[in-house]
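Engineer: Okay, here's the prediction I keep looking at, along with the sequence it came from:
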Amino acid sequence: MLLGLVSRPTRDLDAVASVGRTLGLSDDRLNPGPTELLRFGLPKGFEQRVQRRSYGGLILHVAGRLDQICFKLYAAVDQGAGSKHAADLRRLDPTQEDLLTAARWSRTHDPSDGYREALAATLGALGVEVTDADL
């Protein structure tokens, strides 16, 4: 939403690192849950794609479009093709290559057979047929 890629308002801001307490924000305003992504790794080239936004003294580095596609696909697989994350993903208008790149990245976070099956089903719901070689 900060980049104008989607317009669905949210209650909080997903943050890889949070300064909420320093700024005196309540705990429900910033969601530090995505910080866990650092443990498994951000998509390759993430740092080069971030976009800087300034709001007074607060400077945000916002994930680029491809990275948001990666994160939304990962969440959509977890929460289902009818979830708000899947809807956000569709609004990002990813290409088949974007989705396959995101799928390969997401497999680094969950290499299980169960996740692979759910990922293939989610991609299928998005109009992308995959083979074993794709994932």
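Structural biologist: Nice, thanks for sending it over. Numbers count the residues shown, from 1 in each chain.
Engineer: From now on I want contacts and neighbour counts done on CA atoms only, so please keep to that.
Structural biologist: OK.
Engineer: all helices for the protein, in order.
Structural biologist: Secondary structure of the chain (DSSP state H): helices at 20-23, 37-40, 46-49, 65-79, 84-91, 96-109, 113-125.
Engineer: if I pick Val130, what's in contact with it?
Structural biologist: 120, 123-124 (C-alpha atoms under 8 Å, 6 or more residues apart in numbering).
Engineer: How about stretch 123-134, which residues are buried there?
Structural biologist: 123, 126, 128 (16 or more other C-alpha atoms under 10 Å).
Engineer: pLDDT score for the first one?
Structural biologist: At Leu123, the pLDDT value in this model is 95.
Engineer: could you point out where this protein is predicted with low confidence?
Structural biologist: Scanning the chain for pLDDT under 70 picks out 1-2, 10-23, 27, 29-33.
Engineer: Give me the domain ranges for it.
Structural biologist: Per the record's domain assignment (automatic domain parsing), the chain is made up of the domains 13-62, 65-125.
Engineer: For Ser7, find the nearest of the ones you listed.
Structural biologist: domain 65-125 (8.7 Å; C-alpha to C-alpha).
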